[in-house]
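Colleague: what's the 3D shape of this:
(2 chains)
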Amino acid sequence: MPENGLKKMVFASLCAALTAAGAFIAIPIGPVPIVLQNFFVLLTGLLLGSRWGAAGVGVYLAAGALGLPVFAQGTGGIGRFLGPTGGYLVGYLPAVFVIGAITERRPGRMAVDIFAGICGSLVIYAFGIAWLSWITRMGLEKALAVGFLPFIIGDALKIVAAAAAARLLRPILGLYTLKAPIAPS
Amino acid sequence: MARLSLFAYQTGKSRLHRIDPRCKLLSLAAISLTALNADPKGLLILSLFALSLMAGFSLFSLGLFSRLRFLLLFLFMVWIARALFTPGHPLVSLSFATLTREGLLQGTMLCWRVLLVVLFSVVFTATTRTAQIREALHRLLRPLPFLPSKRLADMMGLMIRFIPVIFGRMGEILEAQRARAVDNRKNPVYRMKRLALPLLQGLFVDAHALSEAMEARCYRQQATPPPLPFGNTDRAALIVILILCLGCLMV
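Modeller: This next block holds a predicted model:
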């Protein structure tokens, strides 16, 4: 295995676990609950880049598809992909790839990270809303009203928080900067 | 001590330990699906089953509940939020929210379901080694085409092991915060920051240490897998569980 591969694999698994833990903390409003999942998806992309980020999110989705209780409010199973919120789940994968691809160009720049987060969130919502309006037969406007508009402020906060957390965590990961100060655990 | 937490593996030679991990994994998936869909009667049967499993294999102790306390606290908060913010028949009206009958019922059901899933997950992870979980996942994923099943199984096994570490760390930090009176602060942003940043920092340091430990122990994907004999007992156990799940969904 290449030198950094193992470390990235463990980090990607940790990100998948964080996403699962974030999904437990769900606040139900309407058909699409508020979750911390997408915060961790953003963070995964920012920290691990496109390829390993996608691996982490892929592992999370695969664990959910197998039926492990990792989706919002402790649910799981392949059926969730076909439910009203399935589009958001599927959208995480391209979103994390986009975020990683953008942030890899200019690592460590707050503005770039925020831009990457915005792009990634838009990808998630594009998939999520398309699927939501198709599966529930509600019009695009209604789908936007229940599946996007209530989350804009929360997501803006999540993007800023993810960019700030990424800034703090990157030195620990030692992926972009070689001089990694590792705190004693 | 995050590692000696609730979900940690406990050595033993009980029947539950010896049952094939694939059988346990499939049962866990079936049971969690059932727990999330069953009505109160089915949930009651599942709860009795969970309690008898834990009592029968002496996983059940007072220590369990003290280790579960963070989760219970968290579920209690979910329950309150559900009870207050679900529309329906008002029971008590407060200035900012109303306690509704629907909310109370929904909250109770949700917490019950989540608690059941957690209890069964405890039984699973307490009796199954990480290497066994990994191999079971690998064997289950192998038939699927175009998937790097070994890599996926390794990462999924790690993920399953990380989830309890996350909650353990979170509990530690919450207690440390309370010791420093951070929870007296009114500003939620301040409190979130003081929780989230040390949590993430600590977890990534943990992950870093884990990857070094794996490297030091010559981790390779081609490691010899533990043998997994799928015997008649396993088949019988799986069938019993599936019948139980179907029964819980039917009643």
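Colleague: give me the low-pLDDT residue ranges for the chain?
Modeller: Using chain A. A:1-4, A:25-34, A:72-77, A:79, A:174-185 (pLDDT under 70).
Colleague: that's the other chain; I wanted chain B
Modeller: B:1-8, B:58-67, B:70, B:95-97.
Colleague: pop the domain breakdown of it in here.
Modeller: For chain B, the structural domains run B:21-129+B:227-251, B:146-225, going by automatic domain parsing.
Colleague: quote the end-to-end distance of the shortest one.
Modeller: Okay, so that is domain B:146-225. This stretch, domain B:146-225, spans 21 Å end to end (CA to CA, to the nearest Å).
Colleague: equivalent analysis for the longest one, please.
Modeller: Terminal residues of domain B:21-129+B:227-251 lie 29 Å apart, using CA to CA.
Colleague: out of the domains of chain B, nearest to residue A:13?
Modeller: Among the domains of chain B, the nearest to residue A:13 by CB to CB is domain B:146-225 (3.6 Å). Where C-beta positions appear, they are placed from N, C-alpha and C, glycine not excepted.
Colleague: name the helices or strands packed onto the helix or strand where residue B:44 lies?
Modeller: Element membership for residue B:44, per DSSP states H and E: helix B:40-56. If you count contacts as 3 or more CB pairs under 8 Å, 6 or more residues apart in numbering or on different chains; DSSP states H and E, helix B:40-56 packs onto helix B:21-37, helix B:101-127, helix B:232-250.
Colleague: highest mean neighbour count out of those helices?
Modeller: helix B:21-37 (a mean of 22; mean count of other CB atoms under 10 Å in any protein chain shown).
Colleague: angle of it against helix B:40-56?
Modeller: 140 degrees (axes from the mean of the first three to the mean of the last three CA atoms, to 10 degrees).
Colleague: what's helix B:21-37 packed up against?
Modeller: Contacts defined by 3+ CB pairs under 8 Å, 6+ apart place helix B:21-37 against helix B:40-56, helix B:101-127, helix B:130-141, helix B:232-250.
Colleague: from the chain's centroid, how far away is the longest one?
Modeller: So the one you mean is helix B:101-127. Relative to the chain's own centre, helix B:101-127 is displaced by 10 Å; criterion: CA atoms, centre = their mean, to the nearest Å.
Colleague: give me the residues contacting the helix holding residue B:44.
Modeller: B:16, B:31, B:34-35, B:38, B:59-60, B:64, B:109, B:112-113, B:116, B:119-120, B:122-123, B:244, B:247-251 (CB atoms under 8 Å, 6 or more residues apart in numbering or on different chains).
Colleague: list the buried residues of it.
Modeller: B:42, B:43, B:45, B:46, B:49, B:50, B:53, B:54 (16 or more other CB atoms under 10 Å in any protein chain shown).
Colleague: likewise for stretch B:209-226?
Modeller: Residues of stretch B:209-226 classed as buried: B:210, B:211, B:214 (neighbour count, 16+ other CB under 10 Å).
Colleague: ok, of those residues, which one's closest to residue A:49?
Modeller: Scanning the buried residues of stretch B:209-226 for proximity to residue A:49, where the rule is CB to CB, the winner is residue B:211, at 16.4 Å.
Colleague: test my guess that that closest one contacts residue A:10.
Modeller: Yes: Residue B:211 is within contact range of residue A:10, at 4.0 Å (criterion: CB atoms under 8 Å).
Colleague: chain A contacts on the stretch 151-251 of chain B?
Modeller: B:151-152, B:154-156, B:158-160, B:162-163, B:165-167, B:196-197, B:200-211, B:214-215, B:219-221 (CB under 8 Å from any CB of the partner chain).
Colleague: ok, 7 Å please
Modeller: B:152, B:155-156, B:158-159, B:162-163, B:166-167, B:196-197, B:200-201, B:203-211, B:214-215, B:219 (CB under 7 Å from any CB of the partner chain).
Colleague: drop anything exposed from those residues.
Modeller: Neighbour-count burial (16+ other CB under 10 Å) applied to these gives B:152, B:155-156, B:158-159, B:162-163, B:166-167, B:196-197, B:200-201, B:203-208, B:210-211, B:214.
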